[in-house]
Every structure is written in structure tokens, then in C-alpha cells.
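Peer 1: Need a 3D model of the sequence below.
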Amino acid sequence: MTEFRTDEEPIAKRRQITKERKARWLARQSQESLDRKHIEAETPAQSQDRRKRDAAAKLAASKDKLPIKLKLAVKIYTTTSEVQGKLLNNEKYFTRNVVFTKRFFE
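Peer 2: Residues are numbered from 1 along each chain as shown. Next comes the predicted model:
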């Protein structure tokens, strides 16, 4: 630990103590994480087996999901009622009922 001089400002002392605490904490955390991990090197055979298992799992998971791009066709029903808003350049008025009629998969 660093010895402090009496002429230093209290704020500088606090900053120095904080830096030292942080350095000790980081050193302790990195050592603990290394102790927990116990990293072992894979052999080429183990690596190949792991890649095969991962590929099989990814293939199985991809079959269960919906397609990423999903487009919906929208049909807007129109009537001749003046209750709703009027379409541009058309004598018909649109309703608020929007119905999704089809799904297209890409």
C-alpha cells in the first residue's frame, strides 16, 4: 500500500485508495475465474465430434422455427358509405376492417 503524505488533498487520497482497491479486486476476480474454468485443450477428434453435435443441433432447431421473412397480403374492403374516409381519385370510401388473407413464405 502507498504511504500518504500529510500535505496531500483528501480527494487525491480517496482517488488513490479507490484505484488500489480496484486493482486488488480485479486481480482477485481474474484469479478466481481462472481457478473456476480449468480450461483443457481439445484433441482434434474431440473438436470434430463437438462440431458434428453442434451442426446436428442447429439443423434440428432450424426446422422448428418459422421462416424469417413472412409477408402478408392485405385486402382492404371498400364501401360506398360516407362514414369513413374517402379514397383519392375514387368515389368509394374505405372501412377500418383490414383482413390478412394470405401468407407468403420466402
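
Peer 1: shaky segments in this protein?
Peer 2: By pLDDT under 70, the weakly predicted segments of the chain are 1-8, 32-42, 63-106.

Peer 1: what about 80?
Peer 2: Scanning the chain with the threshold set as pLDDT under 80 gives 1-8, 29-43, 59-106.

Peer 1: Select the longest helix from it.
Peer 2: When the chain is parsed with DSSP state H, its longest helix is helix 10-37.

Peer 1: Show me what counts as buried in that helix.
Peer 2: The neighbour-count check on helix 10-37 (16 or more other C-beta atoms under 10 Å) flags nothing as buried. For the C-beta atoms, the positions are set from N, CA and C on the backbone; glycine is no exception.

Peer 1: Put the alpha carbons of the helix or strand that comes right after that helix into PDB.
Peer 2: Sequence order places helix 44-64 as the next helix or strand after helix 10-37, per DSSP states H and E. What follows is helix 44-64, C-alpha atoms only, in PDB (Å, rounded to 0.1, in the frame of the first residue of the first chain):
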ATOM      1  CA  PRO A  44      -8.800 -32.900 -32.900                       C
ATOM      2  CA  ALA A  45     -11.100 -35.800 -32.600                       C
ATOM      3  CA  GLN A  46     -13.000 -34.100 -29.700                       C
ATOM      4  CA  SER A  47     -13.200 -30.900 -31.700                       C
ATOM      5  CA  GLN A  48     -14.700 -32.700 -34.700                       C
ATOM      6  CA  ASP A  49     -17.200 -34.600 -32.600                       C
ATOM      7  CA  ARG A  50     -18.300 -31.300 -30.900                       C
ATOM      8  CA  ARG A  51     -18.700 -29.700 -34.400                       C
ATOM      9  CA  LYS A  52     -20.900 -32.600 -35.600                       C
ATOM     10  CA  ARG A  53     -23.100 -32.300 -32.500                       C
ATOM     11  CA  ASP A  54     -23.400 -28.600 -32.900                       C
ATOM     12  CA  ALA A  55     -24.300 -28.900 -36.600                       C
ATOM     13  CA  ALA A  56     -27.000 -31.500 -35.800                       C
ATOM     14  CA  ALA A  57     -28.500 -29.400 -33.000                       C
ATOM     15  CA  LYS A  58     -28.500 -26.300 -35.300                       C
ATOM     16  CA  LEU A  59     -30.200 -28.200 -38.100                       C
ATOM     17  CA  ALA A  60     -32.900 -29.600 -35.700                       C
ATOM     18  CA  ALA A  61     -33.500 -26.200 -34.200                       C
ATOM     19  CA  SER A  62     -33.800 -24.500 -37.700                       C
ATOM     20  CA  LYS A  63     -36.600 -26.900 -38.700                       C
ATOM     21  CA  ASP A  64     -38.700 -25.900 -35.700                       C
END
